[in-house]
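>>> sequence? don't have it. structure:
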Ligand code: DGY
């Protein structure tokens, strides 16, 4: 019997062609609706491999249903949606998609920082709504980015790529990370700071840390109060790293100036969410890595990892070594 691969979103035929040549492949037939849990459980029962999205909770129930399951290829660099420990216990390989998304995610992070600092969403809306009556000296005046201090929380590959972009804008670069990185300091002129130092000194606080039990709820009102009143907070990692109620309070009481958010505690964020009522918030629908080239590369890497595991070869990007 050919191994069975289940894919939890509709992906282009061209990308999964090679899987189809070797394996039996089935796919959830929607691009913009997550696979329901009961379908995922039923498919996991039959599957040798699952190609999953960050929206799928690959928890104990899914992993234990998968008696034949050998690999979870998760289409994201983050893998907080997968119970890594449970997979390890069962000998199931978990693969992610690092590297291929680094530059695109750093581009989006920097674009969001720029857009938030320079009030680009407000300004574009202003023109489209026919409110532009005259040039005026402080019309939609934002904050400078160049020569300011960026504080990067989470200096992984994406953090480094953001630091590289910040260097092009003559920014001072602070970073906080679990471990200090002398080679990054040397290469990019970044300076290590404690978390408290970073949040109090940076003009732009950029959160890129993975979601772990240690980073959950890392940004609370106490932390926002430590920031400058002019600080701009950017989050492109995972929503639960931030206490959203506290962020709302910080933004509405003038503790910080603005926020650019690509991720939220609950995704999709509901239309009625208080953060969406604020002019000093730019909210994006978790599109950090979303370019056609990068998303295609992420899918392709998942396909390659599945092929490798199911044919007895080492995968390129194994998480639970
Ligand atoms: C990831 O890969 O973890 C990103 O959040 C997806 O865009």
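Okay, I see it. Bear in mind that the values here come from a model prediction, so they are computed numbers and not experimental data.
>>> Show me how far the helix or strand harbouring residue 6 is from its chain's centre.
Following DSSP states H and E, one finds residue 6 within strand 4-7. Relative to the centre of its chain, strand 4-7 is centred 25 Å away, using CA atoms, centre = their mean, to the nearest Å.
>>> Can you list the strands that that strand pairs with?
Using DSSP bridges, the strands paired with strand 4-7 are strand 24-27 (parallel), strand 49-52 (parallel).
>>> most tightly surrounded among these?
strand 49-52 (a mean of 28; mean count of other CB atoms under 10 Å). Where C-beta positions appear, they are placed from N, C-alpha and C, glycine not excepted.
>>> Could you point out the helix or strand that follows that one?
Downstream of strand 49-52, the next assigned helix or strand under DSSP H and E is helix 60-65.
>>> circling back to that earlier point, among the strands paired with strand 4-7, which is nearest the ligand?
Proximity to the ligand (CB to the nearest ligand atom) singles out strand 49-52 among the strands paired with strand 4-7, at 12.0 Å.
>>> what comes into contact with that closest one?
Strand 49-52 is contacted by residues 3-8, 11, 23, 43-44, 58, 62, 66, 69-75, 81-82, 302-303, 306, 309-310 when judged by CB atoms under 8 Å, 6 or more residues apart in numbering.
>>> Stretch 280-294 now?
By CB under 8 Å, 6+ apart, the residues outside stretch 280-294 that reach it are 76-77, 100-101, 103-105, 108-109, 112, 115-116, 120-121, 236, 251, 257-264, 267-269, 275-276, 295, 298.
>>> Check whether that stretch comes near the ligand.
Yes - Stretch 280-294 reaches the ligand (CB under 6 Å from any ligand atom) through 288, 289.
>>> Distance across that stretch, terminal residue to terminal residue?
29 Å (CA to CA, to the nearest Å).
>>> Over to stretch 62-69?
Stretch 62-69: ends 10 Å apart by CA to CA.
>>> again, but for stretch 71-78
OK, stretch 71-78 end separation, CA to CA: 16 Å.
>>> State the number of residues packed around the closest residue to the ligand within the stretch 201-321 of the chain.
Going by CB to the nearest ligand atom, the ligand is nearest to residue 289 of the stretch 201-321 of the chain, at 3.8 Å. Neighbour count of residue 289, defined by other CB atoms under 10 Å: 25.
>>> name the element it belongs to?
Here residue 289 is assigned to no helix or strand, by DSSP H and E.
>>> Would you mind listing what in this structure touches the ligand?
54, 76, 77, 78, 101, 288, 289.
>>> Recalculate using a threshold of 8 Å.
54, 75-79, 96-97, 101, 105, 236-238, 262-263, 286-290, 298 (CB under 8 Å from any ligand atom).
>>> buried subset of these?
Neighbour-count burial (16 or more other CB atoms under 10 Å) applied to the residues of the chain next to the ligand gives 54, 75-79, 96-97, 101, 105, 236-238, 262-263, 286, 288-290, 298.
>>> And the pLDDT at the residue of the stretch 101-250 of the chain found nearest the ligand?
The ligand sits closest to residue 101 of the stretch 101-250 of the chain, with a gap of 5.6 Å, by CB to the nearest ligand atom. Note on residue 101: pLDDT of 98.
>>> Does residue 240 touch residue 211 like I think?
Yes - here residue 240 reaches residue 211: they are 5.7 Å apart, a contact under CB atoms under 8 Å.
>>> what sits against the residue positioned nearest the centre of the chain?
Most central in the chain under CA atoms, centre = their mean is residue 237, positioned 4.0 Å from the mean C-alpha point. By CB under 8 Å, 6+ apart, residue 237 lies in contact with 78, 154, 207, 208, 209, 210, 211, 215, 263.
>>> Please determine how far the fifth one is located from residue 141.
Which is residue 209. 31 Å (CB to CB, to the nearest Å).
>>> And residue 67, how far from residue 34?
Residue 67 is 24 Å from residue 34, where distance means CB to CB.
>>> Residue 10 now?
Distance from residue 10 to residue 34, by CB to CB: 12 Å.
>>> same question, residue 221
Taken as CB to CB, the span from residue 221 to residue 34 is 32 Å.
>>> Please consider this matter closed, and thank you.
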